[in-house]
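Student: structure, please.
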Amino acid sequence: MKKTRSELRENIMTILYQINVYRSENMEYELESVLEENKANEDKFILEIVNGVLNHESELDELINLESLSINLTFK
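Tutor: Down below sits the predicted model:
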């Protein structure tokens, strides 16, 4: 059965959150294992997004921090 876009996004966020928890707890993990646990190791869309986020993590963090700063300045 094909997943809806909402289900795909939820799956992506779950995977990224799980990786974040592993990293914050200094736990070793293998991306393939995380994908398998979430039954996402063969979904090209999920693989593309997860790999994209992980490969551009520092750039995304910078953008998020800039946006957060902009929002804080707007509400002051």
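Student: longest single helix anywhere in the chain?
Tutor: Assignment by DSSP state H gives helix 5-24 as the longest helix of the chain.
Student: residues contacting it, please?
Tutor: 3, 27-29, 31, 34-35, 37-38, 40, 43, 45-46, 49-50, 53-54 (Cβ atoms under 8 Å, 6 or more residues apart in numbering). Any C-beta I mention is one placed from the backbone N, CA and C, and that applies to glycine too.
Student: which helices and strands sit right next to the next helix or strand along the chain from it?
Tutor: Next helix or strand after helix 5-24 toward the C-terminus (DSSP states H and E): helix 31-37. In terms of contacts (3 or more Cβ pairs under 8 Å, 6 or more residues apart in numbering; DSSP states H and E), helix 31-37 is packed against helix 5-24, helix 44-55.
Student: in helix 31-37, what's buried?
Tutor: By neighbour count with 16 or more other Cβ atoms under 10 Å, helix 31-37 contains the buried residues V34, L35.
Student: chain center to it: distance?
Tutor: 13 Å (Cα atoms, centre = their mean, to the nearest Å).
Student: state the mean pLDDT of that helix.
Tutor: Here helix 31-37 scores 96 as its mean pLDDT.
Student: what bits of this protein have low per-residue confidence?
Tutor: Counting by pLDDT under 70, the low-confidence segments of the chain come to 69-76.
Student: center of it, which residue is that?
Tutor: L16 (3.2 Å; Cα atoms, centre = their mean).
Student: separation between it and Y22?
Tutor: 11 Å (Cβ to Cβ, to the nearest Å).
Student: re the thing from before, the residue nearest to the centre of the chain and E57, how far apart?
Tutor: Taking Cβ to Cβ, one finds L16 at 10 Å from E57.
Student: next: E67.
Tutor: 16 Å.
Student: got it, and M13?
Tutor: 15 Å.
Student: would a markdown table of the helices and strands packed on helix 31-37 with distance to L63 be doable?
Tutor: Output for the helices and strands packed on helix 31-37, formatted as a markdown table (distance: least, Cβ to Cβ, whole Å):
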| stretch | distance to L63 |
| --- | --- |
| helix 5-24 | 16 |
| helix 44-55 | 12 |
